[in-house]
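**Student:** What shape does this take:
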Amino acid sequence: MPDVFVVLGQDHAEVKDLLSALENSPGRTEGASDAVLAARGEVAKRLIMDSSAHEAAEEQYFWPTVRHQVPKGDGFANEAISQESEAKQVLDKLDKLAPTDPEFDELIAKFIPAARQHIEYEETQVWPALRAVLSADQANQLGVQVATAKEHGPTRPHPHTPANPTVLKTAGSAAAIIDHLRDALSGRGR
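**Tutor:** Numbers count the residues shown, from 1 in each chain. Next up, the predicted model:
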């Protein structure tokens, strides 16, 4: 299994691709066709699903490790979780909108720079500090934990669920099960 930096790096690369696809396609106000709007809606769904699982996995395993292993790790984790909480609020609103809704494009425009800033913060500030204190075995073990949590994680944002590892491992698991059932019934994410 790849280490935590590879696991999270792959997620970040996928999110950047989704952000670019949204940024480089016309929205409703630019006169996009119905087909383009539908495609933007599908990209947004994938972004919401992937981001929800990613952030939940980080909050369960990555940020607690940063808090306990990195000097001044509480500051790193608090800043990142604050950014993630704001992102969940935006993604929760976005998840309820059709790509034809005027607010859809506004939320996408708000989310893209914030997501890029968050990824840059993690990769340039947090990762170097964590790499300095984790052994290769610890980084691999954390990679397994994060990858497993993502696989079984929520597919929708849950902005009212506290970013607490214990809560996420219990109430978050129940929310993830419900998300997966809803996805199976609706065909979402196929």
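
**Student:** Let's check: the centremost residue of the chain is which one?
**Tutor:** Centrality entry for the chain: nearest residue to the mean C-alpha point is S51, 2.2 Å, by CA atoms, centre = their mean.

**Student:** pretty sure it is touching P157, no?
**Tutor:** Yes: taking contacts as CB atoms under 8 Å, S51 lies within contact range of P157: 7.4 Å. For every residue, glycine as well, the C-beta is placed using N, CA and C.

**Student:** Spell out which residues are contacts of both of these two.
**Tutor:** In terms of CB atoms under 8 Å, 6 or more residues apart in numbering, S51 and P157 are both contacted by the residues 87, 91.

**Student:** Give the other helices and strands that the helix or strand hosting V144 contacts.
**Tutor:** Applying DSSP states H and E as the criterion places V144 in helix 136-151. The helices and strands touching helix 136-151, judged by 3 or more CB pairs under 8 Å, 6 or more residues apart in numbering; DSSP states H and E, are helix 4-23, helix 34-57.

**Student:** which residues are contacting it?
**Tutor:** With contact meaning CB under 8 Å, 6+ apart, helix 136-151 is reached by 1-8, 11, 53-54, 56-58, 60-62, 65, 131, 134.

**Student:** Drop anything exposed from these.
**Tutor:** The neighbour count (16 or more other CB atoms under 10 Å) marks 3-5, 7-8, 11, 53-54, 56-58, 60-62, 65, 134 as buried among the contacts of helix 136-151.

**Student:** Could you work out the most separated pair of those residues?
**Tutor:** Within the buried ones among the contacts of helix 136-151, A53 and L134 form the most distant pair, 22.4 Å apart (CB to CB).
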